[in-house]
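**Student:** Need coordinates for the below:
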Amino acid sequence: MNKSLVILCLITLTLGSCVQKQLVKDLQVTDANTPLHLLNPDYPVQYGQTTLDSIKADIDKVYNYLNNVTSTVLENKKDGAVIEDIALIDTNTVFEKGDFRLISYEWGVTYGAMLRAAEVTKDQKFSNYTLDRLAFIAEVLPKFKELEEAHPGYRSPVHSVTSPAALDDAGSMCAAIIKAQAFAQIGEDFSPIVGNYIDYIMNKEFRLSDGTLARNRPLKNTIWLDDLYMSLPALVQMGKQRGEQRYFEEAFRQFWLFSQKMYMPEKGLYRHGWVEGMEPHPAFHWARANGWALLTKVEIINVLPQNDPQRNKLLSQYKRQVEALANLQHGTGFWHQLLDRNDSYLETSATAIYAYCIARGINAGWLDAQAYGPMVLQAWNAVSSKINAEGQVEGTCVGTGMGFDPAFYYYRPVNKYAAHGYGPTILAAAEIYQMLSNKKFEINDSAVQF
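**Tutor:** Numbers count the residues shown, from 1 in each chain. Okay, here's the model as predicted:
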């Protein structure tokens, strides 16, 4: 290569480099050439894009999945043969196995959630889901009960209905059935079931010496925060249905007995468990248990008359807990498994419960939409991000007992088959749908504003 050509090449490369540098400089985003406050943030969860159609699509997706994996079919456990005639039910008859049980406290939440979804969207397939399955349970129960009485020791698929042995068996399903009775004006077939559940809660569950509903596991004389939801919503629904104040009075008594032992007003949160005589007492603010407490307050306030003397006191604690939760929400919209421990994982079911309860407060006029609308909308967006293409809800902590060390809560597994995530997700979707039907938001200076 001659000297002239080398010089020419060097000049070309230099000019090209200069041009490239000038182009890069021209393309740089600076305060001088761009309104930086309008740059799009890299949100890990969608922000400010929620619509009624998107929420309905999410409910439909979850419904379609659940409708396919929770059938009302009887079969013979030995050969899988379908049993269509109820008269042929025997001790080998079982419910066709799906992904979830038809009778559980988690499905009590789901049944109630489907009713709420039907109420706000006007799509009756949601209420039909609940009514069809409850009707199936009521239809097969007399035959299974007859078999249990004839065969001591036999446990039928409806054993927790005929013979509840824990608040988990009774309260959530009972509340859902009473709501279904009111929703569809049905009654006769369900009244014995409701009466049996209420009798267990009122008269048969173990109690402390002061009358507090309790358990003898994992230690003697233990109170579980979860049990607020497993008992009180059923009592107030019964009080509303029967017009009998004694059910409300027992619900109020239990709520304040629990609160005396488990509510920490300085934090606005509850401990998960309490054991009589334990001193000092560890306090772990497990997210879902705090959700059950918040949901219980909402369930009670929902049915109380405006002039009930307990209403303002309950509302005050409800608002204090919401305020505490708002201060602990993660930037994605989720809440942590242990609420005040930011290195614990982000959990779906508790986030969904909070989303429902806070949106319900806005819709009922208990909370300011401008103050809480943006954060609860983001909570729903977070939950929505965990609904996969099949309609399964991911990121839900599995069933959890009581622990007295952080490792127990930090490492509880999450699973898309954890039934606890489905009812709260549908509830949250329905209540956010209602909120956005009545209250509009806009993006003002890049932020969601109501």
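
**Student:** in this protein, which helix has the most residues?
**Tutor:** If you go by DSSP state H, the chain has its longest helix at helix 124-150.

**Student:** now that one: how far from the chain's centre is it?
**Tutor:** 24 Å (Cα atoms, centre = their mean, to the nearest Å).

**Student:** Report the buried residues of that helix.
**Tutor:** Residues of helix 124-150 classed as buried: 126-127, 129-131, 133-138, 140-141, 143-145, 148 (neighbour count, 16 or more other Cβ atoms under 10 Å). Where you see a C-beta, it was placed from the backbone N, CA and C, and this is true even at glycine.

**Student:** for this protein, which spans come out with low pLDDT?
**Tutor:** Applying pLDDT under 70 to the chain picks out residues 1-26, 187-188.

**Student:** Apply 50 and report the result again.
**Tutor:** 19, 23-24 (pLDDT under 50).

**Student:** just the strands in it please.
**Tutor:** Assigned by DSSP state E, the strands in the chain fall at 74-76, 82-83, 93-95, 222-224, 263-264, 269-270, 273-275, 335-336, 346-347, 442-444, 447-449.

**Student:** which residues does the closest residue to Val69 other than its chain neighbours contact?
**Tutor:** Spatial nearest neighbour of Val69, chain neighbours left out: Asp99 (3.9 Å); criterion: Cβ to Cβ, 6 or more residues apart in numbering. Residues in contact with Asp99 (Cβ atoms under 8 Å, 6 or more residues apart in numbering) are 69-70, 417.

**Student:** how far away is Asp99 from Tyr129?
**Tutor:** Separation of Asp99 from Tyr129 (Cβ to Cβ, to the nearest Å) stands at 14 Å.

**Student:** how close does Phe183 get to Ala117?
**Tutor:** 12 Å.

**Student:** Those two: which has the busier surroundings?
**Tutor:** Shown here are Phe183 and Ala117; by other Cβ atoms under 10 Å, Ala117 has more neighbours (28 against 17).

**Student:** Identify the residues contacting that one.
**Tutor:** By Cβ under 8 Å, 6+ apart, the residues touching Ala117 are 59, 63, 123, 126, 426, 429-430, 433.

**Student:** can we see that at 10 Å?
**Tutor:** 55-56, 59-60, 62-63, 123, 125-127, 129-130, 426-427, 429-431, 433 (Cβ atoms under 10 Å, 6 or more residues apart in numbering).

**Student:** what's the span of stretch 213-225, first residue to last?
**Tutor:** Distance between the boundary residues of stretch 213-225 (Cα to Cα, to the nearest Å) amounts to 10 Å.

**Student:** Tell me who's in contact with Tyr63.
**Tutor:** Contacts of Tyr63 by Cβ under 10 Å, 6+ apart are 114, 117, 123, 125-126, 129, 391, 422, 426.

**Student:** I'd like the residues you listed written out as TSV, with distance to Glu84 added.
**Tutor:** Shown next, in TSV, are the contacts of Tyr63 (distance: Cβ to Cβ, whole Å):
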residue	distance to Glu84
Met114	25
Ala117	30
Asp123	29
Lys125	24
Phe126	26
Tyr129	21
Gly391	28
Tyr422	28
Ile426	30
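
**Student:** Relative to Ile301, how far out is the residue nearest to Ile186 when sequence neighbours are not counted?
**Tutor:** Nearest residue to Ile186, sequence neighbours excluded (Cβ to Cβ, 6+ apart): Ala180, at 6.9 Å. Separation of Ala180 from Ile301 (Cβ to Cβ): 21 Å.

**Student:** between these two, which one's more packed in?
**Tutor:** For Ala180 versus Ile301, the count of surrounding residues by other Cβ under 10 Å is larger for Ala180: 23 against 20.

**Student:** so the more buried one touches Ala135, yeah?
**Tutor:** Yes: using Cβ atoms under 10 Å, Ala180 is in contact with Ala135, at 9.2 Å.

**Student:** Name the residues contacting each of those two.
**Tutor:** Residues touching both Ala180 and Ala135 (Cβ under 10 Å, 6+ apart) are 186, 190.

**Student:** before we move on, back to that, which residues do Phe183 and Ala117 both contact?
**Tutor:** Contact criterion Cβ under 10 Å, 6+ apart; residues shared by Phe183 and Ala117: 127, 130.

**Student:** For burial, what's the neighbour tally of Gly243?
**Tutor:** Neighbour tally, Gly243, other Cβ under 10 Å: 7.

**Student:** Got phi/psi on it?
**Tutor:** Note on Gly243: backbone dihedrals following degrees, to the nearest 10 are phi 70, psi 30.

**Student:** separation between it and Val94?
**Tutor:** Applying Cβ to Cβ, the value for Gly243 to Val94 is 39 Å.

**Student:** For Thr50, give its distance to Phe255.
**Tutor:** Taking Cβ to Cβ, one finds Thr50 at 33 Å from Phe255.

**Student:** And Asp226, by the same measure?
**Tutor:** Distance of Asp226 to Phe255, given as Cβ to Cβ: 14 Å.

**Student:** which residues are common contacts for the two?
**Tutor:** Here Asp226 and Phe255 have 293, 296 as joint contacts, going by Cβ under 10 Å, 6+ apart.

**Student:** Tell me who's in contact with the closest residue to Ala182 other than its chain neighbours.
**Tutor:** Distances taken as Cβ to Cβ, 6+ apart put Gln241 closest to Ala182, at 7.1 Å, once the chain neighbours are dropped. Contact analysis of Gln241 by Cβ under 10 Å, 6+ apart lists 178-179, 181-182, 187, 191, 194, 247, 303.

**Student:** Tell me the buried residues within those.
**Tutor:** Buried subset of the contacts of Gln241 (neighbour count, 16+ other Cβ under 10 Å): 178-179, 181, 194, 247.

**Student:** Just the ones in helices from the residues you listed, please.
**Tutor:** Using DSSP H, the subset of the buried ones among the contacts of Gln241 located in helices is 178-179, 181, 194, 247.

**Student:** with those in mind, which one is nearest to Gln370?
**Tutor:** Ranked by distance to Gln370 (Cβ to Cβ), those are led by Lys179 at 31.0 Å.

**Student:** Check which residues of stretch 303-313 are buried.
**Tutor:** Within stretch 303-313, the residues scored as buried using 16+ other Cβ under 10 Å are 304, 308, 310.

**Student:** can you give me the end-to-end distance of it?
**Tutor:** So stretch 303-313: terminal residues 15 Å apart, Cα to Cα.

**Student:** ok, now stretch 389-405?
**Tutor:** Start-to-end span of stretch 389-405 (Cα to Cα) is 36 Å.

**Student:** just how off-centre is that stretch within its chain?
**Tutor:** The answer for stretch 389-405 is 11 Å, by Cα atoms, centre = their mean.
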